[in-house]
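Asker: quick one: sequence plus predicted model below, questions after.
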Amino acid sequence: MVERRTPISIAEAVEKVMKHKLTGHVELIPLEDSQDRFLAQDIIATNDIPHFNRSPYDGFALRSKDTSEGSINNPLEFEVVEELAAGMVSTIPVQKNQVARIMTGAQMPAECDAVIMLELTKEFEKDGKKYISFKRSLKEGENVSFQGEDAKKGDVLVKKGTAINPGIIGLLATFGYAEVPVARKPVVGLFATGSELLDVHEPLQPGKIRNSNSHAISAQIRRAGGEVRFYGKLKDEFELSYEAISTALEEVDLLITTGGVSVGDFDLLPDIYQKIGADVLFNKVAMRPGSVTTVAVYNDKFLFGLSGNPSASYVGFELFARPIIRTMLFTEYPHLRKETAQLAEDFLKPNPFSRLLRTRLFYESGQLKVIPSGVDKSNITTSLAGANSLTVLPGGTRGFQTGDFVDILLLDDQEGSKWPW
Ligand SMILES: Nc1nc2c(c(=O)[nH]1)N[C@H]1C(S)=C(S)[C@@H](COP(=O)(O)OP(=O)(O)OC[C@H]3O[C@@H](n4cnc5c(N)ncnc54)[C@H](O)[C@@H]3O)O[C@H]1N2
Ligand code: MOO
Ligand SMILES: [Mg+2]
């Protein structure tokens, strides 16, 4: 008798997966290697930035009170007592009607509270001494970059779980992080199952196809922030597959297989889970593609049994495996980012199960729009190439028309969403 499976909703399935909280691990890595990794702790300012008052211009530092009489009709003269390059500190006190020549980034002399730019002054010499004149007054604080104006000691600047971008790298350098605490990349084991599978370099043979899933899933794992450990292809042979899968499970944080989860004669994963003693969270989700996606847990490790059909494995990964990887990277927003967009084309097929339509998202006059990126069938591979989003058409709905607003899930986004969507 063929096993009858009871489908659960996408939301129930996601909740079942997310109930098993996995935590991430911290590792220290060199700053140069930290791009696109995920911060394992908040970045807190350990000092003010800047940590001293400094000049934002090349000019002259002065006491603003000495300039109150200056105007277009009343030029003022000041003696230049010192020259300060960036990195120097003043050694000669600036007194009444004196200035220090100061370059951008140099620390302000303690007595000075304003800077006049070089271009607004005239320089001259008198009795072997240097002087400047200018025709204006300055306010207290004018042209000063103040201590702490960028960040104050103790400020939380970047939250744990944030993906490190070039701006964050600059900030980490500013605070002296030669090594950066990041989340260790979860190690994701991967098998492709199916006796029909050829390697990428092999010529086609009758009845056989090239294994594309593991390559696409590997890229998805990396996009999500995980590390791929590809264990190769498995023929549909029970003992060999059981041995390989249970051995690999010891070595990884989570294990993904593609294929062999439906009810066919050579769909071996359900029996393999049983022999391992894994707790199957679900084996049927009311969605297309990916309805036979199966997720099991053994000893706090996930086994993701993704369907063999390329688009079904793609979608199953993004909905169920990605949030686990992102949780292990400490993000508060582990799910695909959800937005609303307008359909730019009719989609008239009814949707008995929730449909995750592969779509291309684009902007038109400030409005997000989507169109299907190709044919909507589970076994179709070409529509994945053009997809940058999945459009969610809820189960039980009939056709959708151009102009209808629909929920979409963004595939290339780094921000993510919280649950519930
Ligand atoms: N009687 C039923 N038959 C099927 C059902 C069902 O409910 N009752 N579900 C269908 C749905 S929906 C899907 S999706 C597939 C799922 O099949 P499996 O997960 O068991 O995967 P396989 O049987 O191993 O392969 C399915 C299909 O995908 C191709 N494939 C497999 N691996 C790869 C790979 N690595 N790269 C590229 N393509 C791959 C494989 O050759 C098959 O064509 O079951 C339906 N059947
Ligand atoms: O799982 Mo199948 O991909 O629903 O079509
Ligand atoms: Mg099958």
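Answerer: Looks like it came in fine. Residues are numbered from 1 along each chain as shown. Ligands and ions are numbered 1, 2, ... in the order given.

Asker: quick one: V158 and V26, what's the gap?
Answerer: Here V158 is placed at a distance of 16 Å from V26 (C-beta to C-beta, to the nearest Å). Where C-beta positions appear, they are placed from N, C-alpha and C, glycine not excepted.

Asker: my error: substitute D155 in the last question.
Answerer: Distance from D155 to V26, counting by C-beta to C-beta: 22 Å.

Asker: distance of the residue in the stretch 1-150 of the chain that ligand 2 sits nearest to from R37?
Answerer: Here the stretch 1-150 of the chain gets closest to ligand 2 at one residue, P7, 9.9 Å apart by C-beta to the nearest ligand atom. Distance, P7 to R37, by C-beta to C-beta: 37 Å.

Asker: repeat for L361
Answerer: Taking C-beta to C-beta, one finds L361 at 27 Å from R37.

Asker: if you count what's nearby, which of V158 and V26 comes out ahead?
Answerer: For V158 versus V26, neighbours defined as other C-beta atoms under 10 Å are more numerous around V158 (17 against 13).

Asker: note down every partner strand of the helix or strand containing K338 and its orientation.
Answerer: Using DSSP states H and E, K338 maps to strand 337-343. When pairs are called by DSSP bridges, strand 337-343 turns out to pair with strand 367-372 (parallel), strand 405-410 (antiparallel).

Asker: test my guess that E83 contacts V99.
Answerer: No: using C-beta atoms under 8 Å, E83 is not in contact with V99; the gap is 10.4 Å.

Asker: report the strands that pair with the lengthiest strand in the chain, each with its relative direction.
Answerer: Across the chain, the longest stretch assigned as strand under DSSP state E is strand 354-364. Here strand 354-364 has these sheet partners by DSSP bridges: strand 287-288 (parallel), strand 367-372 (antiparallel), strand 389-393 (antiparallel).

Asker: nearest to T327, out of these?
Answerer: Within these, the stretch nearest T327 is strand 389-393; the backing value is 20.1 Å (C-beta to C-beta).

Asker: with just CA atoms, put that closest one into PDB.
Answerer: Taking Å, rounded to 0.1, in the frame of the first residue of the first chain, the C-alpha atoms of strand 389-393 are listed here in PDB:
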ATOM      1  CA  SER A 389      12.000  36.200  -6.100                       C
ATOM      2  CA  LEU A 390       9.300  33.700  -5.200                       C
ATOM      3  CA  THR A 391       5.700  34.900  -5.500                       C
ATOM      4  CA  VAL A 392       3.400  33.300  -3.000                       C
ATOM      5  CA  LEU A 393       0.000  32.500  -4.300                       C
END
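
Asker: what's opposite F38 in the beta bridge?
Answerer: A163.

Asker: number of nearby residues for the residue of the stretch 1-150 of the chain closest to ligand 2?
Answerer: Neighbours around P7, by other C-beta under 10 Å: 17.

Asker: what residues does it make contact with?
Answerer: K284, V285, A286, S291, F353 (C-beta atoms under 8 Å, 6 or more residues apart in numbering).

Asker: find me the pLDDT at it, would you?
Answerer: Looking at P7, its pLDDT is 96.

Asker: tell me the mean pLDDT for the helix of greatest length in the chain?
Answerer: Counting residues, the longest helix found in the chain (DSSP state H) is helix 238-251. Mean pLDDT, helix 238-251: 98.

Asker: elements contacting that helix?
Answerer: Here helix 238-251 touches strand 187-193, strand 227-234, strand 254-258, helix 269-276, strand 301-306, going by 3 or more C-beta pairs under 8 Å, 6 or more residues apart in numbering; DSSP states H and E.

Asker: hmm, the last one in reach of ligand 3?
Answerer: No: residues of strand 301-306 contacting ligand 3 under C-beta under 5 Å from the ion: none, with a closest distance of 10.9 Å.

Asker: what does the third one give?
Answerer: No: Strand 254-258 lies out of reach of ligand 3 by C-beta under 5 Å from the ion, never closer than 10.6 Å.

Asker: I'd like the distance between the residue of the chain positioned farthest from its centre and N97.
Answerer: For the chain, the largest distance from the centre (C-alpha atoms, centre = their mean) belongs to D127, which lies 63.8 Å off. Using C-beta to C-beta, D127 is found at 15 Å from N97.

Asker: same check, this time on F52
Answerer: Distance from F52 to N97, by C-beta to C-beta: 25 Å.

Asker: cool, N73 as well?
Answerer: With distances taken as C-beta to C-beta, N73 is found 19 Å from N97.

Asker: those two - which one has more neighbours?
Answerer: N97 (14 against 6).

Asker: OK, contacts around the more buried one?
Answerer: Shown in contact with N97 (C-beta under 8 Å, 6+ apart): D66, L76, E77, F78, E79.

Asker: can you mark which positions in the strand or helix carrying A219 are buried?
Answerer: For A219, the host element (DSSP H and E) is helix 213-224. For helix 213-224, the neighbour count (16 or more other C-beta atoms under 10 Å) marks N213, S214, A216, I217, S218, Q220, I221, R223, A224 as buried.

Asker: related to what we said a few turns ago, ok, which of the strands paired with strand 354-364 comes nearest S90?
Answerer: strand 367-372 (55.5 Å).

Asker: please state the offset of that closest one from the chain centre?
Answerer: In terms of C-alpha atoms, centre = their mean, to the nearest Å, the centre of strand 367-372 is found 23 Å from the chain centre.

Asker: buried stuff in it?
Answerer: Buried residues in strand 367-372 (16+ other C-beta under 10 Å): L368, K369, V370, I371, P372.

Asker: test my guess that the last one contacts E345.
Answerer: Yes: using C-beta under 8 Å, P372 is in contact with E345, at 6.5 Å.

Asker: distance to Q414 added to the strands paired with strand 354-364, as TSV?
Answerer: As requested, these are arranged in TSV below (distance: least, C-beta to C-beta, whole Å):
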stretch	distance to Q414
strand 287-288	25
strand 367-372	17
strand 389-393	15
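
Asker: right, I'll leave it there.
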